[in-house]
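*Asks:* how would this look folded up:
(chains A and B)
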2 protein chains.
Amino acid sequence: MPTPTPAQDLAAGRTAFLFDLDGTLVDNVYEHVLAWREALTSIGGELSSWHLHRHIGMSGGLLTRELFRALGREPDPDEMERVKQCHREAFARLSKGIRPLPGAPELLAYLTKIGVPWAIATSGRRDNAEPALERLEVPGHVPIISREQADHAKPDPDLFLVAAQALDVPVGDAMIVGDSVWDLLAARRAGALAIGLLTGGIAADELYRASPYRVYQDPADLLRHLDQVAIRG
Amino acid sequence: MPTPTPAQDLAAGRTAFLFDLDGTLVDNVYEHVLAWREALTSIGGELSSWHLHRHIGMSGGLLTRELFRALGREPDPDEMERVKQCHREAFARLSKGIRPLPGAPELLAYLTKIGVPWAIATSGRRDNAEPALERLEVPGHVPIISREQADHAKPDPDLFLVAAQALDVPVGDAMIVGDSVWDLLAARRAGALAIGLLTGGIAADELYRASPYRVYQDPADLLRHLDQVAIRG
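*Replies:* All right, here's what the predicted structure looks like:
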């Protein structure tokens, strides 16, 4: 009778990483906050920055609908489109000096080096993601799943499901890494374990309420603790 | 023998409010974060936004020294001055559309109406505070204590001590209202009770670790609950 293979070793061999992009690999959440505030002002709406901050990372459509709800107004499709367009313009203007978060390039390069498959799944549109992907020097073979490729963005699990499919791994074997509560909720709905990062400015206590597997400070901190999350070097 | 006056009624009659300005009465913390990041970049430094965010509200000098420490560099006085100057310029550019936080004008007007003395104590310089004070329509008789009027800014208690003196109330009878951990720590060192607001984007759990008397969402929420904090209408 063959010796049974320990389950955790099997899992380690199969682990894949699915990364959120904005706020997780690049430092641009605060720009998103100011861009959404500017966008709301364009339709006469006002919401406080700290409140908007807690909606960053969710689907743009869902976020816009939430904003209208918070303003106590019926969302009008034309107005919603105008808000989204204004956010895109303001965000492009504010985020010119886009920077990778500490350890992000090193973490991605290390995973590539040891043969762990990884992909990126962002609630944003592909063209918005382009500057970040360039700064991170993401290799051409890495699947980049953006808004266009799923019916629903986060906190729906779709983007992560498509990303796991693109890597040809069961999503349940993937570790999902994100900086927002919406990433962590999407991960749970996908049936995957999630790793929260503090890099989006959401406190550890707030992230832990969405039941991640673990929270680390930033990609550099995650890289230092990879052996706690299924990668044995 | 006269009936003893209950202590809490005495306290209620004596209560004064000392307010922080940025992030507490006006919505500009996220602009401060981006302005400090830009300032650091000007001297070749890099710190993540979420990390900078948690230093907003402390004395500019102390913050600059902390930043150098985090960068692992000796602070050079010329370089420190350059960083502060660059922050001032970037902040002025980013915060053109400065807005009062929900309920801030109403809360201040209500305190004035019922005769509760109040003052503002900011870690910033007076000229930086001017646009915010104009937007809030602060009456001319209200003491505005700024960086120039104290040896040390927050988390040292000096600014709040000077503000209490200007109102001629014992600081121990004042309620100090702020959005940052530094306000709350300064309040404790001053021997006053503090009220934390979520408007600076710092989560309630993070604020509660600095032992405020209570945390409210924003000035509007504090106004709705004034009877919990020594004002009986």
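*Asks:* So which bits of chain A are right by chain B?
*Replies:* Residues of chain A lying near chain B by Cβ under 8 Å from any Cβ of the partner chain: A:27, A:29-31, A:33-34, A:37-38, A:41, A:46, A:48-50, A:53, A:94, A:97, A:99, A:101-102, A:198-203, A:205-206, A:218. All C-beta spots, glycine's among them, are computed from the backbone N, C-alpha and C.
*Asks:* buried subset of the residues you listed?
*Replies:* Neighbour-count burial (16 or more other Cβ atoms under 10 Å in any protein chain shown) applied to these gives A:27, A:29-31, A:33-34, A:37-38, A:41, A:48-50, A:53, A:94, A:99, A:101-102, A:198-203, A:206, A:218.
*Asks:* show me the residues around the closest residue to residue A:62 other than its chain neighbours that make contact.
*Replies:* In this structure, residue A:62 finds its nearest non-sequential neighbour in residue A:153, 7.0 Å apart by Cβ to Cβ, 6 or more residues apart in numbering or on different chains. Residue A:153 makes contact with A:58-62, A:123, A:147, A:159 under the criterion Cβ atoms under 8 Å, 6 or more residues apart in numbering or on different chains.
*Asks:* do the same with residue A:19
*Replies:* If you count contacts by Cβ under 8 Å, 6+ apart, then residue A:19 has A:25, A:108, A:118-121, A:176-178 around it.
*Asks:* make it 10 Å
*Replies:* A:25, A:104, A:107-108, A:111, A:118-122, A:136, A:138, A:142, A:160, A:163, A:175-178, A:183, A:195, A:197, A:219 (Cβ atoms under 10 Å, 6 or more residues apart in numbering or on different chains).
*Asks:* how about the nearest residue to residue A:229, chain neighbours excluded?
*Replies:* For residue A:229, the spatially nearest residue (Cβ to Cβ, 6+ apart) is residue A:175, at 5.7 Å.
*Asks:* try residue A:30
*Replies:* Nearest to residue A:30 is residue B:49, by Cβ to Cβ, 6+ apart, at 4.6 Å.
*Asks:* close enough to count as contact, the one you found and residue A:99?
*Replies:* Yes - if you go by Cβ atoms under 10 Å, residue B:49 and residue A:99 touch, sitting 9.4 Å apart.
*Asks:* Now do the shared contacts for the two.
*Replies:* With Cβ under 10 Å, 6+ apart as the test, residue B:49 and residue A:99 both reach A:27-28, B:37.
*Asks:* Among those, which are located in helices?
*Replies:* residue B:37 (DSSP state H).
*Asks:* got JSON lines for the shared contacts of residue B:49 and residue A:99, with pLDDT and distance to residue A:69 too?
*Replies:* Conversion of the shared contacts of residue B:49 and residue A:99 to JSON lines gives the following (pLDDT from 0 to 100; distance: Cβ to Cβ, whole Å):
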{"residue": "A:27", "pLDDT": "97", "distance to residue A:69": "29"}
{"residue": "A:28", "pLDDT": "96", "distance to residue A:69": "25"}
{"residue": "B:37", "pLDDT": "94", "distance to residue A:69": "32"}
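*Asks:* What is the nearest of the shared contacts of residue B:49 and residue A:99 to residue B:188?
*Replies:* residue B:37 (29.3 Å; Cβ to Cβ).
*Asks:* What's the separation between the closest one and chain A?
*Replies:* 8 Å (Cβ to the nearest Cβ, to the nearest Å).
*Asks:* so what's that residue up against?
*Replies:* So residue B:37 contacts A:27, A:30-31, A:97, A:99, B:45-49, B:51-53, B:87, B:90 (Cβ under 10 Å, 6+ apart).
*Asks:* Test my guess that residue A:30 contacts residue A:202.
*Replies:* No - the criterion here is Cβ under 10 Å, and residue A:30 misses it with residue A:202 at 11.9 Å.
*Asks:* Now do stretch A:217-231, average pLDDT.
*Replies:* Averaged across stretch A:217-231, the pLDDT comes to 92.
*Asks:* State which helix of chain A is the longest.
*Replies:* Max-length helix for chain A by DSSP H is helix A:77-94.
*Asks:* list the buried ones in that one?
*Replies:* Quick answer for helix A:77-94 (16+ other Cβ under 10 Å): A:79-80, A:83-84, A:86-88, A:90-91, A:94.
*Asks:* and it, what other elements does it pack with?
*Replies:* helix A:29-41, helix A:60-71, helix A:126-136 (3 or more Cβ pairs under 10 Å, 6 or more residues apart in numbering or on different chains; DSSP states H and E).
*Asks:* Now render these as a markdown table, adding distance to residue A:170.
*Replies:* As requested, the helices and strands packed on helix A:77-94 are exported to a markdown table (distance: least, Cβ to Cβ, whole Å):
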| stretch | distance to residue A:170 |
| --- | --- |
| helix A:29-41 | 30 |
| helix A:60-71 | 27 |
| helix A:126-136 | 25 |
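*Asks:* which of the ones you listed is buried the deepest?
*Replies:* helix A:29-41 (a mean of 24; mean count of other Cβ atoms under 10 Å in any protein chain shown).
*Asks:* Beyond that helix, next helix or strand please.
*Replies:* helix A:49-53 (DSSP states H and E).
*Asks:* Pull the contacting residues for residue A:192.
*Replies:* A:16, A:18, A:157, A:160-161, A:164, A:170-176, A:186, A:213.
*Asks:* do that again at 7 Å, thanks
*Replies:* A:160, A:171-172, A:174, A:176 (Cβ atoms under 7 Å, 6 or more residues apart in numbering or on different chains).
*Asks:* Where helices are concerned, which of these count?
*Replies:* Using DSSP H, those in helices are residue A:160.
*Asks:* Report the buried members of the contacts of residue A:192.
*Replies:* Looks like the contacts of residue A:192 have A:160, A:171, A:174, A:176 buried, using 16+ other Cβ under 10 Å.
*Asks:* farthest pair in those residues?
*Replies:* Longest span within the buried ones among the contacts of residue A:192, Cβ to Cβ: A:171 and A:176, 8.5 Å.
*Asks:* Next, show the common contact partners of those two.
*Replies:* By Cβ under 7 Å, 6+ apart, the residues touching both residue A:171 and residue A:176 are A:160, A:192.
*Asks:* re earlier: so what's the residue nearest to residue A:229 up against?
*Replies:* Residue A:175 sits in contact with A:15, A:17, A:193, A:195, A:229-230, where contact means Cβ under 7 Å, 6+ apart.
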